[in-house]
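**Student:** Everything below, folded, please.
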Amino acid sequence: MRPIPRFTEHPKIRRLSIGSSQPLLHRLRMQTLIALRWIAIVGQTMAILIVYFGYGFPLPLWECLIVISLSAFLNLFLALRYGSNVRLKDRYVALLLSFDIVQLALLIYLTGGLANPFSLLFLVPATISASTIKIHYTLWLGLLTLISITLLIPFHLPLPWSGGSDIKLPFIYLLGIWAALVCSMLFLGAYSWRIADEAREMADALFATEKVLAREQQLTALDGLAAAAAHELGTPLATIVLVAKELQREIPEGIDASEDLDLLLSQTIRCRKILANLTGGDHPGDELFERVELDAMLAEVIEPYDGDIPVKLVRLASDPPGLATPVVTRSPGIHFGLDTFVQNAVGFANSKVLVKTHWTNDKIVVVVEDDGPGFSPAVFDRLGEPYVTTRPVDPEGISSPEEEGMGLGFFIAKTLLERSGGKLVISSQTPPDHGAVITVTWPKEAIIAEAMVTETEIS
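**Tutor:** Okay, the predicted model is just below:
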């Protein structure tokens, strides 16, 4: 087995494709942009009217109102033409935000340039884009904002002031405002993009976890359907066997129909055996099937992986000694989580994998160990987060997504086990030993199965 690097960050993190509707959920709604633009229109109009009529400062009133009306007309057109609940593609969001930047630049040009305190509003479009659309559109909007504020340093009308006096701020002061806007835009844009990107990753990963859990529940439900089918089909099959035996006794041997009856009887008996196996053989009912000893459950988990790399189940001493083996509730989430950790350990082990278990009066512990390279210190703190993959990374990008993995298996396993009440501890073995150690601890009451009520107890 060729060596595989453990837990490296994927160089090309792909979004999980979960149906056609999932990308749509990340798009910005038209209603959001329209509402923000109405807020801007009301604020711009009030500021212009208060400065002109309240303070008596001279400014190009009609020109400013015309520029503001452009935003109002655009809002009305979008609301009437497309409706408010439409979700926009990134390029259309970038186009509308570009309009807002140009409209604000025209308004600031008419009212004093960067000396106008409201030039701070240039930060809004770039921040919105960083938190909602793809990074290259955000870079374009940032460049457009940078060009706009740079041109506003030499090109602008006088700043409105009392008595109509023309206030000229020093160039170095305007340059300081320009630098403050650029730094603020970079910081707020990077911060918003990072926070939104983590939120989108977590939403995708949780969506995938719900799908995996739903699939596991469906598989578990098939056991119940098989038992129900066996119960319903048992009676008609028994009738067929009875009738076939009666006909077999009445028809003399040597007739062609006798051989057909023998075949019919043998196949009917075979069907009954198949249905009996579907219900679990010797298991008398669903209640018993839902209960399983801890050792038996772990044996089911490790059985598919006991090949070239031996997987050994080690039962440690209980505390206090002699404590009976816990009988737990059969859970698809627990089975999937432990199965993922064992599969991962087998993929990285050099010669063996140990699954250790022990229990006390109040807790149950399962430990998965391997003798592989252990966890990479570079990403140790990120273990359990989505999109941190344990699969091999192909630097040339030749491998398929299935071969490289999405980095969700560990996250889903951790989420399912924690949902079942378990606490996960990830560590590496103490030198000179090497390898990964994953410890899952449950409070006993979280997964222990309720005692079965027998017929004797009922009577």
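**Student:** contacts and neighbour counts: CA atoms only from here.
**Tutor:** Will do.
**Student:** Let me see the ranges of the strands in the stretch 151-300 of the chain.
**Tutor:** If DSSP state E, counting those that start in this stretch is used as the criterion, the strands of the stretch 151-300 of the chain fall at 291-293.
**Student:** For it, give me the ranges with low pLDDT.
**Tutor:** Scanning the stretch 151-300 of the chain for pLDDT under 70 picks out the ranges 164, 208-209, 211-232, 234, 253-254, 256, 275-289.
**Student:** switch the cut-off to 90
**Tutor:** 158-171, 188-297, 299-300 (pLDDT under 90).
**Student:** what does the stretch 1-150 of the chain give?
**Tutor:** In the stretch 1-150 of the chain, residues with pLDDT under 90: 1-35, 54-59, 78-91, 93, 126-136, 138.
**Student:** need the strands for it, in chain order.
**Tutor:** Along the stretch 1-150 of the chain, the stretches classed as strands by DSSP E, counting those that start in this stretch are 8-9, 28-29, 87-88.
**Student:** how far does stretch 247-255 stretch from start to finish?
**Tutor:** 12 Å (Cα to Cα, to the nearest Å).
**Student:** tell me which residues in it are buried?
**Tutor:** Residues of stretch 247-255 classed as buried by neighbour count (16 or more other Cα atoms under 10 Å): Gln248.
**Student:** Name the residues that touch that stretch?
**Tutor:** Here stretch 247-255 makes contact (Cα atoms under 8 Å, 6 or more residues apart in numbering) with 257-258, 261-262.
**Student:** And stretch 322-331, by the same measure?
**Tutor:** 289-295, 297, 359-361, 447-449.
**Student:** now those: which count as buried?
**Tutor:** 291-295, 297, 359-360, 447-449.
**Student:** sorry, back to before: with distance to Asp339 as extra columns, can I get the contacts of stretch 322-331 in JSON lines?
**Tutor:** What follows is the contacts of stretch 322-331, written out as JSON lines (distance: Cα to Cα, whole Å):
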{"residue": "Phe289", "distance to Asp339": "19"}
{"residue": "Glu290", "distance to Asp339": "18"}
{"residue": "Arg291", "distance to Asp339": "18"}
{"residue": "Val292", "distance to Asp339": "16"}
{"residue": "Glu293", "distance to Asp339": "17"}
{"residue": "Leu294", "distance to Asp339": "14"}
{"residue": "Asp295", "distance to Asp339": "14"}
{"residue": "Met297", "distance to Asp339": "11"}
{"residue": "Trp359", "distance to Asp339": "20"}
{"residue": "Thr360", "distance to Asp339": "23"}
{"residue": "Asn361", "distance to Asp339": "26"}
{"residue": "Ile447", "distance to Asp339": "17"}
{"residue": "Ile448", "distance to Asp339": "19"}
{"residue": "Ala449", "distance to Asp339": "20"}
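**Student:** Okay, strands next: where are they in the stretch 301-450 of the chain?
**Tutor:** Under DSSP E, counting those that start in this stretch, the stretch 301-450 of the chain gives strands at 311-315, 327-329, 353-359, 363-370, 388-389, 423-428, 436-443.
**Student:** so which of the ones you listed comes closest to Gly142?
**Tutor:** Gly142 sits nearest to strand 388-389 of all those, at 30.1 Å, using Cα to Cα.
**Student:** Do me a favour and get the end-to-end distance for stretch 150-158?
**Tutor:** Start-to-end, stretch 150-158 (Cα to Cα) is 17 Å.
**Student:** Buried ones in it, by neighbour count?
**Tutor:** Across stretch 150-158, burial judged by 16+ other Cα under 10 Å covers 150, 152-153, 156-158.
**Student:** quick one on the thing from earlier: who wins for proximity to Phe411 among the strands of the stretch 301-450 of the chain?
**Tutor:** Among the strands of the stretch 301-450 of the chain, strand 388-389 comes nearest to Phe411, with 8.3 Å by Cα to Cα.
**Student:** What mean pLDDT does that closest one get?
**Tutor:** Mean per-residue pLDDT for strand 388-389: 58.
**Student:** How many residues are close by Ser69?
**Tutor:** 14 (other Cα atoms under 10 Å).
**Student:** Same check on the one 4 residues further on?
**Tutor:** For Phe73, the count of nearby residues is 11 (other Cα under 10 Å).
**Student:** what does His434 give?
**Tutor:** Residues near His434, counting by other Cα under 10 Å, number 16.
**Student:** And it, what's its pLDDT?
**Tutor:** The model reports His434 with a pLDDT of 84.
**Student:** shouldn't it be in contact with Ser427?
**Tutor:** No: judged on Cα atoms under 8 Å, His434 makes no contact with Ser427 at a distance of 10.6 Å.
**Student:** With adjacent residues omitted, what lies nearest to His335?
**Tutor:** Nearest in space to His335, with sequence neighbours left out and distances taken as Cα to Cα, 6 or more residues apart in numbering, is Val301 at 6.7 Å.
**Student:** wait, the one you found sits on Leu338?
**Tutor:** Yes: counting by Cα under 8 Å, Val301 touches Leu338, with 7.0 Å between them.
**Student:** Can you give me the neighbour number for Asn75?
**Tutor:** By other Cα under 10 Å, neighbour count at Asn75 equals 20.
**Student:** ok, it to Val342 distance?
**Tutor:** From Asn75 to Val342 the distance is 56 Å (Cα to Cα).
**Student:** How about Pro310?
**Tutor:** Counting by Cα to Cα, the gap from Pro310 to Val342 is 11 Å.
**Student:** Return every residue with contacts to both of the two.
**Tutor:** Counting by Cα under 8 Å, 6+ apart, the common neighbours of Pro310 and Val342 are Val353.
**Student:** Looking at these two, which is more packed in?
**Tutor:** Counted by other Cα under 10 Å, Pro310 and Val342 do not tie: Val342 has more neighbours, with 24 against 15.
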